[in-house]
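Peer 1: here is a sequence with its predicted model. Questions after.
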Amino acid sequence: MKRILPFFIFVLSNLGIAQDGYYGKPSSYVPNGFEPNIVFNFDYKMTGTLSFGSHSFPFTIYVNTADGSWAVTDDVVADMIGRSTVSDDEKFDFLVYVPFEVTRGYYTVYDPDEGEKKVFYSLNRALSAPAAQLEFAHEENFADFMQNANITNAGNHSAFGPQKLYSGNFNGKEVNVTISNRSAPIKITPLHVGFLCGVFQDGTQYKNRYITKFETPEITVEMHSFSPEQLILDGSDYLEQEGYATMNVESIVDNESTFEDIAERMDRLSMENRDAVARGDTDKISLIALKMSIEGQRLRAITTGHPERQISEGDAAQLVGLKDRIQRKTKECKRYKGTEYEAECKRQLNRLQSRFEELRSRYLVSPR
């Protein structure tokens, strides 16, 4: 996780120079410390959409403008960024990211012997697939990308005004970064605050600016709003659980080949999805979404230290087969609309859908 946001350390946006009253002025908000058992304070809320493969998830994070730390309270978002739940006995409370240091997950756990207790552990080595896609090699490489990128106008954002689009190749990937031309009237102490998008200090224009969109072929983060809102999270009563983090690292190492196979399949599915979107093939898009969820479940099983919980090939095939049958039955029912066969067709379709939802809830960690 130490390199999850390195590309933010750049001040090379070629947009012209103009002075504002916020650039270089540190935030007056109280910074969060690096210790885990403290009360965490956040002064801004960022909302957006995280897209991975054929999935799109709205998200909300809370950021601290004094040190760049941020928090997530939604378990779905936490699962996409790092990891939310390890077992059925754990309830996700919140996640806190400390820039270039560590990400910690905070949970309420039920122990048969001790009852309910609060625990935390580090997630710095246990990344889910979307988070892994965000690790870039070196910040200077991204600075080179910004200098050599093709720069075009990117239209007007409803919240952040006129924008510029930087497009080019970065570490072998086609990357697009959209930056608002408008000055961000927010004082920040670090060079950047937010999750991929957010606010950064532009040293060429002496302004703080909004990064409104960041996209690669694998992942897209788009920011919808960045507004003042306070959140306080109390981590003082949580006990460290070191065993979880060690187990997860060992699981990833022990299952490295499987991990890589899953990542390759997800890459292929992403390519298939782009083709399906271009063709407007909604059935194919839906099937790919299901397959991405299956691969995501397998990946989470490995990163959380439970490779034995991966969905089997047989169960996965059953889910995909049911989805295909539902699609074909839906078309059949449309053909029978207004005829004596319509009611029976709908009953059969409902049975297929009920069975599909039952199996999806049983086998997928986070059914979509």
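Peer 2: Perfect, I can see it now.

Peer 1: Ala71: what's it in contact with?
Peer 2: Residues near Ala71 by C-beta atoms under 8 Å, 6 or more residues apart in numbering: 40, 42, 61-62, 94-97, 231, 233. C-beta coordinates here come from the backbone N, C-alpha and C atoms, glycine included.

Peer 1: where is pLDDT lowest across those residues?
Peer 2: Minimum pLDDT for the contacts of Ala71 is recorded at Tyr97 (85).

Peer 1: apart from its chain neighbours, what residue comes closest to it?
Peer 2: In this structure, Tyr97 finds its nearest non-sequential neighbour in Thr103, 4.7 Å apart by C-beta to C-beta, 6 or more residues apart in numbering.

Peer 1: in this structure the one you found contacts Phe120, no?
Peer 2: No. The pair Thr103 and Phe120 fails to qualify as a contact (C-beta atoms under 8 Å) at a distance of 10.6 Å.

Peer 1: settle it for me: which of these two has more neighbours?
Peer 2: Using other C-beta atoms under 10 Å as the criterion, Thr103 and Phe120 rank with Thr103 on top: 26 against 22.

Peer 1: that one sits in which helix or strand?
Peer 2: strand 102-111 (DSSP states H and E).

Peer 1: which SS class is Ile292?
Peer 2: To be clear, residue 292 is Met; Ile isn't right here. helix (DSSP: H, G, I helix; E, B strand; the rest coil).

Peer 1: what number of residues lie near it?
Peer 2: Counted with other C-beta under 10 Å, Met292 comes out at 22.

Peer 1: how close does it get to Asp74?
Peer 2: 20 Å (C-beta to C-beta, to the nearest Å).

Peer 1: what of Leu359?
Peer 2: Distance from Leu359 to Asp74, by C-beta to C-beta: 25 Å.

Peer 1: so which residues of the stretch 1-150 of the chain form strands?
Peer 2: 39-52, 55-63, 70-72, 90-98, 102-111, 115-122, 150-157 (DSSP state E, counting those that start in this stretch).

Peer 1: nearest approach to Ala276 belongs to which of these?
Peer 2: strand 55-63 (13.9 Å; C-beta to C-beta).

Peer 1: pairing partners for that closest one, with directions?
Peer 2: Counting by DSSP bridges, the strands paired with strand 55-63 are strand 39-52 (antiparallel), strand 70-72 (antiparallel).

Peer 1: between strand 90-98 and that strand, find me the angle.
Peer 2: 60 degrees (axes from the mean of the first three to the mean of the last three C-alpha atoms, to 10 degrees).

Peer 1: for strand 55-63, which positions count as buried?
Peer 2: Within strand 55-63, the residues scored as buried using 16 or more other C-beta atoms under 10 Å are 55, 57, 59-63.
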